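K.L.:
A predicted structure for the sequence below; I have some questions about it.
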Amino acid sequence: MGQAGNCALSLAKVGKSYGSVRALDNLSFNVAEGRFFVLFGPSSVGKTTTLRTIAGLVAPDRGRVEIFGRDWTRAPIAGRGVSMVFQSFALYPHLSVYDNFAYPLVEERVPRSEIDRRVRETAAMLRLEPKLDRRPGTLSGGEQQRVALGRSLIRRPRILLLDEPLTNLDAKLRHDMRAELKRLHRQFGLTVVYATPDELEALSMGEEIAVMRDGGIVQIGTPDQLYETPRDLYVAGKIGSPHMNLIRGTLAADGAGLACGIGALPFARRLGGAAAGEAAVVGIRPSDIRLAGDGESGLAARIAMLEPLGDITVVSVEAGGATLRMVLPESAASSLAPGQAASVVLDPARFHVFRASSGQAIT
Ligand SMILES: Nc1ncnc2c1ncn2[C@@H]1O[C@H](COP(=O)(O)OP(=O)(O)OP(=O)(O)O)[C@@H](O)[C@H]1O
């Protein structure tokens, strides 16, 4: 975790509509200074509109935006100390890397010698010193992305907004840039708000992740919190790969288990606050299912499919009309074959139980 200091950014009940489209709906969250904060959700969920609202490019219809304790809801863009890197890098193609970096400072009428010092400092930070004379068109995608970052960083923003900055890069470069961004964040204690639809990016970079849906936030937490205690089925389905297995059924009269197609699933402990006979969904992570040991009783199943992924294998089994996915070490899966009978054990201590009606977790 970054140092949880002052509140760098606070959005309270922000709303923004475009005609009948509610881009942002009662959106609230705080970001502590120095934090790497991720807005995570699929396309059209409102991530870009949120960033544009923070940057001052969008005026919200309702709510309040505070940056370091000051109200910026209806204030102009300038002076916020916020800089945004867009998904399309939007570099000046006819200018060298040096001049792309220098441009924002020239606009701010910073003295020439100071510009030169900061351009070189920024280039060093992004390992772009040998490329300063080149034009963007002659750089690789990753280098262009670093130039776009540099152009934002050179203004020394207090808050850096990144809108799906790695989308246009190939897989290897994305990996390198994730590490690069984390390094920059750590080294300079930047406050970052990072929008992405990519689960891996969100989990690997975010110290805190806001899971967005329909212009609002469903849950905010650390990667561990979202993984261990998803608030509802939406979050449960978005965090964790392969996805959580979902088994539908009805709650037993004593709240101590689920009656479902694969039989009675006893819970590790009785659930309070749930009605007997209520339709419910039990979620089980693929890593919380294993093969039964010798002589151990388990659920009768049949191997349906094996997906080897190096060290681990994703094994799909069929049991009682349901398909369950489990993750096994490669060594444990190597002797398995599709069609073979298997006995599997589900860990009741790791069950996640949700109301079928609302999708909310029952705790
Ligand atoms: N200027 C605009 N005019 C009309 N509708 C808009 C405008 N900006 C955003 N919207 C709509 O608001 C909703 C949220 O858009 P937004 O770009 O914030 O989503 P997003 O989560 O960033 O999506 P993506 O991952 O595809 O970039 C969408 O339905 C979008 O079509």
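P.N.:
On my side now, so go ahead.
K.L.:
May I ask you to name the longest helix in the chain?
P.N.:
helix 171-188 (DSSP state H).
K.L.:
which secondary structure elements does that one contact?
P.N.:
In terms of contacts (3 or more Cβ pairs under 8 Å, 6 or more residues apart in numbering; DSSP states H and E), helix 171-188 is packed against helix 112-125, helix 141-153, strand 191-196, helix 199-205. From N, CA and C alone the C-beta is placed, and that goes for glycine too.
K.L.:
Please state the mean pLDDT value computed over it.
P.N.:
Averaged across helix 171-188, pLDDT comes to 85.
K.L.:
Go through it and flag the buried ones.
P.N.:
For helix 171-188, the buried set under the neighbour-count rule, 16 or more other Cβ atoms under 10 Å, comprises Leu173, Arg174, Met177, Arg178, Glu180, Leu181, Leu184, His185.
K.L.:
so which of these would you say is closest to the ligand?
P.N.:
Checking the buried residues of helix 171-188 against the ligand by Cβ to the nearest ligand atom gives Arg174 as the nearest, at 15.8 Å.
K.L.:
Do I have it right that that closest one meets Glu164?
P.N.:
No. Arg174 lies out of contact with Glu164 (Cβ atoms under 8 Å); the separation is 10.9 Å.
K.L.:
quick one, which of the helices and strands packed on helix 171-188 is nearest to Phe40?
P.N.:
helix 199-205 (4.1 Å; Cβ to Cβ).
K.L.:
Run through who's touching the helix or strand that comes right after that closest one.
P.N.:
Using DSSP states H and E, the helix or strand that follows helix 199-205 in sequence is strand 208-213. With Cβ atoms under 8 Å, 6 or more residues apart in numbering as the test, strand 208-213 has contacts from 29, 31, 35-41, 45-47, 50, 202-203, 217-223, 226, 234-235, 238-239.
K.L.:
ok, 7 Å please
P.N.:
For strand 208-213, the surrounding residues in contact (Cβ atoms under 7 Å, 6 or more residues apart in numbering) are 29, 35, 37-41, 45-47, 202, 217-223, 226, 234-235, 238.
K.L.:
Please parse this protein into its domains.
P.N.:
Here the domain parsing of the chain from automatic domain parsing is 7-238, 245-355.
K.L.:
Over to the closest residue to the ligand within the stretch 151-300 of the chain: give its phi and psi.
P.N.:
For the stretch 151-300 of the chain, the residue closest to the ligand is Pro197, as judged by Cβ to the nearest ligand atom, at 5.1 Å. Per-residue torsions, Pro197: phi -90, psi 0 (degrees, to the nearest 10).
K.L.:
Can you give me the neighbour number for it?
P.N.:
Pro197: 18 surrounding residues under other Cβ atoms under 10 Å.
K.L.:
Contacts only, for it.
P.N.:
Pro197 touches Gly41, Pro42, Ser43, counting by Cβ under 7 Å, 6+ apart.
K.L.:
Now list the buried members of the contacts of strand 208-213.
P.N.:
By 16+ other Cβ under 10 Å, those give 29, 35, 37-41, 45-47, 202, 217-221, 223, 226, 234-235, 238 as buried.
K.L.:
bridging residues for Ile67?
P.N.:
As for beta bridges, Ile67 partners with Leu9, Arg70 under DSSP bridges.
K.L.:
Now do the same contact list for it.
P.N.:
Residues counted as contacts of Ile67 (Cβ under 7 Å, 6+ apart) are Leu9, Arg80, Gly81, Val82, Ile159.
K.L.:
Look up the closest residue to the fourth one, ignoring the ones flanking it.
P.N.:
Going back to what we said before, that points to Val82. Excluding the flanking residues, the one nearest Val82 by Cβ to Cβ, 6 or more residues apart in numbering is Ile159, at 4.7 Å.
K.L.:
Who is the one you found paired with across the strands?
P.N.:
Beta-bridge partners, per DSSP bridges, of Ile159: Val82, Thr191.
K.L.:
mind listing the helices in the stretch 201-350 of the chain by residue range?
P.N.:
Along the stretch 201-350 of the chain, the segments classed as helices by DSSP state H, counting those that start in this stretch run 223-228, 233-238, 330-333.
K.L.:
Of those helices, give the one that comes closest to Leu271.
P.N.:
Counting by Cβ to Cβ, Leu271 lies closest to helix 233-238 out of the helices of the stretch 201-350 of the chain; the figure is 16.1 Å.
K.L.:
Need the contact partners of the closest one.
P.N.:
Contacts for helix 233-238 (Cβ under 7 Å, 6+ apart): 199, 211, 213, 218-219, 226, 230, 243-244, 281, 283, 352, 354, 359.
K.L.:
let's see 8 Å
P.N.:
Against helix 233-238 from outside (Cβ under 8 Å, 6+ apart): 40-41, 199, 211, 213, 218-219, 226, 230, 243-244, 246, 281, 283, 352, 354, 359, 361.
K.L.:
quick one: average confidence on it?
P.N.:
96.
K.L.:
got the angle for the helix or strand of the chain with the lowest mean pLDDT vs helix 141-153?
P.N.:
Lowest by mean pLDDT, DSSP states H and E among the helices and strands of the chain is helix 171-188, with a mean of 85. Using axes from the mean of the first three to the mean of the last three Cα atoms, to 10 degrees, the inter-axis angle of helix 171-188 relative to helix 141-153 is 30 degrees.
K.L.:
one step back: okay, the helices of the stretch 201-350 of the chain in TSV with distance to Lys16 next?
P.N.:
Formatted as TSV, the helices of the stretch 201-350 of the chain follow (distance: least, Cβ to Cβ, whole Å):
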stretch	distance to Lys16
helix 223-228	25
helix 233-238	21
helix 330-333	48
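K.L.:
Tell me the confidence at the residue nearest the centre of the chain?
P.N.:
The residue lying closest to the centre of the chain (Cα atoms, centre = their mean) is Ala202, at 2.7 Å. Listed pLDDT for Ala202 reads 96.
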